[in-house]
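Enquirer: model this:
(one chain, ligands or ions: 1)
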Amino acid sequence: MLKKIALVAIGGLFATTAIAQSELFKADDLVKYRQSIYQVMSAQAKVMGAMAKGEIEFDANTVHERALNMGNVAKLLGETYVPATQGVKESNMLPAAWEDMDDFSAKGKAFGSALQELIAASGESDFDAAKARPAIGKMLKSCKACHDDYRD
Ligand code: HEC
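Expert: Got it, this is the predicted structure:
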């Protein structure tokens with residue numbers, strides 16, 4: 001059940017265009033909100049990455065929980081990507097992202113798919129460290145792929 005909810009939620013990542021609620025937020029606050037979401041994602045990624053590398057003991061349930069946590073906050077990112085945030089000086093988003101929103105969104109979707117795959121795989125009873133390594137690695141690479149092009 002939980003799994004299904006998370007999957008649906010990630011599907012909505014970056015479906016920003018018609019989010020009326022965004023108008024409630026100030027641009028400065030939206031950048032703080034966005035950066036906070038990324039901090040929460042980063043903490044989940046750190047634990048999963050450490051398990052994939054064998055730095056801490058592998059535990060399938062923990063990976064599943066951490067992946068779900070990530071999905072639950074990642075689904076909120078879309079509403080922070082409002083054009084008015086371009087002018088916020090604290091933002092480390094490069095102008096290139098706004099100039100090529102199609103590619104930026106594609107990188108967001110690639111991340112969403114890798115995370116979706118990890119959520120699904122880690123919910124299976126045969127999920128082990130050997131299966132976790134490539135699935136976590138793929139998800140983490142999708143973070144870097146976007147940062148390389150679009151983050152200062
Ligand atoms: C589609 C692009 C994209 C993907 C995918 C992505 N990020 Fe980012 N990330 C950004 C952008 C853009 C910023 C800068 C946001 C800003 O400052 O306005 C950022 C900022 C961050 C920050 C700094 C937040 C702060 O406090 O300033 C962290 C940490 C981070 N990302 C972690 C991650 C992790 C971990 C993943 C994958 C699990 C990920 N990101 C996936 C685009 C992306």
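Enquirer: Every contact and neighbour count from this point should use C-alpha atoms.
Expert: OK.
Enquirer: after the helix ranked longest in the chain, next one along is what?
Expert: In terms of residue count, the longest helix belonging to the chain (DSSP state H) is helix 27-52. Scanning forward in sequence from helix 27-52 by DSSP states H and E, the next helix or strand is helix 60-74.
Enquirer: most centrally placed residue in this protein?
Expert: In the chain, the residue lying closest to the centroid (C-alpha atoms, centre = their mean) is Ala74, at 4.4 Å.
Enquirer: buried ones in stretch 52-64?
Expert: Within stretch 52-64, the residues scored as buried using 16 or more other C-alpha atoms under 10 Å are 52, 58, 60, 63-64.
Enquirer: close to the ligand, is it?
Expert: No. On the criterion C-alpha under 6 Å from any ligand atom, stretch 52-64 is out of touch with the ligand, staying 13.0 Å away.
Enquirer: chain center to that stretch: distance?
Expert: Chain-centre distance of stretch 52-64: 19 Å, with C-alpha atoms, centre = their mean, to the nearest Å.
Enquirer: Which residues does that stretch contact?
Expert: With contacts defined as C-alpha atoms under 8 Å, 6 or more residues apart in numbering, stretch 52-64 is touched by 48, 50-51, 118-119, 122-123, 127-129, 132-133, 136-137.
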